[in-house]
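Chemist: Sequence first, then the predicted structure, then my questions.
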Amino acid sequence: MVSQFNPQQQPILEARNLTMHFHTGGALSRKTVKAVQQANLKLYSGRVTALVGESGSGKSTIIRMLARLYTPTDGQIIFRGEDALRDKSRRAALYYRSQVQMIFQDPFSSLNPVHQVKYHLERPLRIHGKARSRAALNDQIDVLLKRVSLTPTEEFAVKYPHQLSGGQRQRVAIARALAVQPEVILADEPVSMLDVSIRMGILNLMAVLRDEQNIAFLYVTHDIASARYFADETLVMYAGFIVEGAGSEDLIQEPKHPYTQLLLSAVPDPARGLRTAEVEVVGEIPSLTSLGAGCPFANRCSRVMEKCKTVMPSVTELSPTRWVRCFLYE
């Protein structure tokens, strides 16, 4: 499902050295959780970028910074060539959120249980001035429900979230995101709460939106198989750092970073008789409150060098479309 890509194309949304620290504890036990450090990524119209990694790696924190639900500790968010964090006015924030929408992981908790489907679709239309009269609202709601294959629309419009299946609720959440005609959609594990049998339908729906409406997607997931199917490019995140990036197929076929190799070794492969590949694992996952200056994977890496423990590797470009943060490739 890879889309065509022009190397000269300019990113519509870009993160530059995004950093997010959270402070916990009291005055005597204050700790800093380094959730995200120096994250860089680019999103392009009509393309899907996947961000993969284990739980707690910082994926959802990045997506919430890009949605402007969190204010970054440091770094820039560039939207259409302009720093989106510079103008702090309500009007600027409203415009940004109309162009950059988010789909949450749990469709049930992201929808208000006391309101019908039509309310969830009306609200963004009203807030962003996309429809003002009752007739215009009804027409837009009808179009949105058809767009996500919830028909007959007049029946789904008056249903409450508890009357829908998990897949139907997520389709409503997607329709709500589409209501303001965004250019970027941030999807935070949008299929992880759904039955396996209906995940493909949601991924195919988002792929159609990418192709027909030229939407840029950031797809956050821990499921490398779905990233391979849906995403044009995959970024790998570990302990707050993005450590590798490449075309999805290239990354799956030939992972470079030792952590990416570890992730892929845990994926069942019929060719291996459902046995994982032999990748040596040592050490423990580091605490985000006590990260040192070196590579965060150093204490688990079987190929670690002395400098890995004291210096964070810089980005090494292996080709125009792939890079890695590892001293093995300098």
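Modeler: Here it is on my side, so go on. Numbering: from 1, shown residues only.
Chemist: Only C-alpha atoms from now on, for both contacts and neighbour counts.
Modeler: Will do.
Chemist: Number of residues surrounding the closest residue to P286 other than its chain neighbours?
Modeler: Closest residue to P286 apart from its sequence neighbours, by Cα to Cα, 6 or more residues apart in numbering: P296 at 6.9 Å. Burial of P296, expressed as a neighbour count using other Cα atoms under 10 Å, amounts to 24.
Chemist: and what of the one 5 residues further on?
Modeler: As a burial measure, the neighbour count of C301 was computed by other Cα under 10 Å and equals 20.
Chemist: State the pLDDT value of it.
Modeler: If you check C301, the pLDDT there is 90.
Chemist: Would you mind confirming that it makes contact with P258?
Modeler: Yes. In this structure, C301 is within contact of P258 by Cα atoms under 8 Å, at 6.7 Å.
Chemist: Where does the prediction get shaky in the stretch 1-150 of the chain?
Modeler: Where the stretch 1-150 of the chain drops to pLDDT under 70, the residues are 1-8.
Chemist: go with 90
Modeler: By pLDDT under 90, the low-scoring segments of the stretch 1-150 of the chain are 1-9, 23-31, 54-56, 87-88, 90, 105-110, 127-134.
Chemist: Could I get the full set of strands for it?
Modeler: Listed in chain order, the strands found in the stretch 1-150 of the chain under DSSP state E, counting those that start in this stretch are 13-24, 31-43, 48-52, 74-79, 82-83, 100-103.
Chemist: among those strands, which is nearest A175?
Modeler: A175 sits nearest to strand 100-103 of all the strands of the stretch 1-150 of the chain, at 9.8 Å, using Cα to Cα.
Chemist: ok, the closest one: who's next to it in the sheet?
Modeler: Strand pairing for strand 100-103, determined by DSSP bridges: strand 184-188 (parallel).
Chemist: Show the subsequent helix or strand relative to the partner strand.
Modeler: Sequence-wise, the next helix or strand downstream of strand 184-188 (DSSP states H and E) is helix 196-213.
Chemist: for that following helix, packing partners?
Modeler: Judged by 3 or more Cα pairs under 8 Å, 6 or more residues apart in numbering; DSSP states H and E, helix 196-213 is in contact with helix 166-178.
Chemist: The helix it packs on vs strand 184-188, what angle?
Modeler: Interaxial angle, helix 166-178 versus strand 184-188 (axes from the mean of the first three to the mean of the last three Cα atoms, to 10 degrees): 150 degrees.
Chemist: How far off centre is helix 166-178?
Modeler: 17 Å (Cα atoms, centre = their mean, to the nearest Å).
Chemist: quick one: contacts of that helix?
Modeler: 101-104, 106-108, 110-111, 117, 120-121, 124, 144-145, 147-150, 161, 185, 190, 193-195, 198-199, 202 (Cα atoms under 8 Å, 6 or more residues apart in numbering).
Chemist: Just the buried subset of the residues you listed, please.
Modeler: 101-104, 106-108, 111, 117, 120-121, 124, 144-145, 147-148, 150, 161, 185, 190, 194, 199, 202 (16 or more other Cα atoms under 10 Å).
Chemist: just checking, K130 touches V180?
Modeler: Yes. Using Cα under 8 Å, K130 is in contact with V180, at 6.8 Å.
Chemist: Neighbour count: the two, which is higher?
Modeler: V180 (22 against 16).
Chemist: contacting residues around the more buried one?
Modeler: The contact partners of V180, by Cα under 8 Å, 6+ apart, come to S98, Q99, P124, L125, H128, K130.
Chemist: Please convert those residues to TSV, extending it with distance to T32.
Modeler: What follows is the contacts of V180, written out as TSV (distance: Cα to Cα, whole Å):
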residue	distance to T32
S98	33
Q99	32
P124	36
L125	40
H128	37
K130	42
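Chemist: Can you give me the distance of E306 to L125?
Modeler: 56 Å (Cα to Cα, to the nearest Å).
Chemist: And those two? Which one has more around it.
Modeler: L125 (23 against 9).
Chemist: need the contact list for the more buried one.
Modeler: L125 neighbours (Cα under 8 Å, 6+ apart): A131, R132, L137, A179, V180.
Chemist: Alright, that wraps it up for me.
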